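> Could you look at this predicted model? Sequence included:
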Amino acid sequence: MSPHETALGPVARAGAGTASRPSVSFEFSPPKTPEAEESLWEAIRRLEPLNPSFVSVTYGAGGSTRERTHRTVVRMLKETTLRPAAHLTCVDASKAQVDEVVQDYWDAGIRHIVALRGDPPGSLGGVYQPRADGYLNATELTAGIKSVAPFEVSVSLYPQKHPESPSLDHDIDVLKAKVDAGATRAITQFFYDIDAFLFFTDKVRKAGITIPISPGIMPVSNFKGLKRMAAPCGIPLPGWLGNLFEGLDKDPETRKLIAASVATEMCARLVEEGYSDLHFYTLNRADLVYAICRVLGVREVPTEQAA
């Protein structure tokens, strides 16, 4: 790297083409209303030409969106060039019921599942009570999925400790168990402390875990909403982030600019640190994610190349 390039920040280096182009993936949620469905598909069509490595569709607490999740991923498979992954949880279902859902996904042509323990119905962050006839946790669920068919299975990872975990080392032991059960990728919960993320993933690699780790990126312009999402998950929000949004409650355009700036700088640095797979929590909106991807060098791919 030349002295001139060294003087540039990570975003400028990305624009200069001196950083590698990352792979990206996007998370969407199944829509609740016809209006929400229209917004979702506008976001999907805007982001589809970026040729993500995959897209995932969430699964509501207690399996509350089971049918909508299935309908959305199947429509993606039929009507787009995307490679959809379906989220699946253990909550409020027997092993037989979950296995039936897994088989239905395989029969529909879905080949990737995001295996999660899940939250109790109507109680994000509440106390989880497994069913006696159900899967105990995401490790058991992963093994169950692989026993049905040879899916790619992604699992979750908390770089700043799962809220129910006693330590980071315990989280690493849990991840090892998931890998032994068949997990092929880890997707992290969103975070804003890059140094903490790098510290944790260094410990993961030193423990001999080699599956790809995709940093989860949440480019949110509503800080109050972000705090509501972060609290049940035990995700620390740094003071500097709150300061950036202070006094902007009635200025959504400035908040969007700040959100894009923060997330783009995070992504550019993560790419320079060697993390080439970024997972975006889109909240069913495309504008911020599209802009961030463009800065990172992720541009539209002609449909015939993406297929």
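Received it, and whenever you're ready, just let me know what you need. Numbering: from 1, shown residues only.
> do you know how far the closest residue to residue 252 other than its chain neighbours is from residue 197?
Nearest non-adjacent residue to residue 252, counting by C-beta to C-beta, 6 or more residues apart in numbering: residue 221, 6.7 Å away. To be clear about C-beta, it is placed using only N, CA and C from the backbone, and glycine gets the same treatment. Separation of residue 221 from residue 197 (C-beta to C-beta, to the nearest Å): 22 Å.
> and residue 100, how far is that from residue 149?
Residue 100 is 12 Å from residue 149, where distance means C-beta to C-beta.
> Can you show me the strands along the stretch 151-300 of the chain?
Secondary structure of the stretch 151-300 of the chain (DSSP state E, counting those that start in this stretch): strands at 152-157, 185-190, 213-217, 277-281.
> Give me the contacts around the third one.
I take that to be strand 213-217. 25, 154, 157, 159, 185-191, 197, 201, 204, 263, 266-267, 270, 275, 277-281, 292 (C-beta atoms under 8 Å, 6 or more residues apart in numbering).
> likewise the first one?
The set of residues external to strand 152-157 that reach it, using C-beta under 8 Å, 6+ apart, is 56, 85, 111-116, 138, 142, 145-146, 171, 175, 178, 182-189, 204, 213-214.
> Next: the second one.
By C-beta under 8 Å, 6+ apart, the residues outside strand 185-190 that reach it are 25, 56, 114, 152-159, 175, 178, 197, 211-218, 230, 233, 235, 279, 281.
> and it, which strands flank it?
If you go by DSSP bridges, strand 185-190 pairs up with strand 152-157 (parallel), strand 213-217 (parallel).
> Quick one: work out the angle between the longest one and strand 277-281.
The directions of strand 152-157 and strand 277-281 differ by 70 degrees, with axes from the mean of the first three to the mean of the last three C-alpha atoms, to 10 degrees as the criterion.
> Likewise for the last one?
What separates the directions of strand 213-217 and strand 277-281 is an angle of 30 degrees, with the same axes, to 10 degrees.
> Output strand 213-217 as CSV, nothing but the C-alphas.
What follows is strand 213-217, C-alpha atoms only, in CSV (Å, rounded to 0.1, in the frame of the first residue of the first chain):
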residue,chain,number,x,y,z
ILE,A,213,-18.2,-16.2,10.2
SER,A,214,-20.4,-13.5,8.7
PRO,A,215,-20.5,-10.2,10.7
GLY,A,216,-24.1,-9.0,11.2
ILE,A,217,-24.5,-5.4,10.2
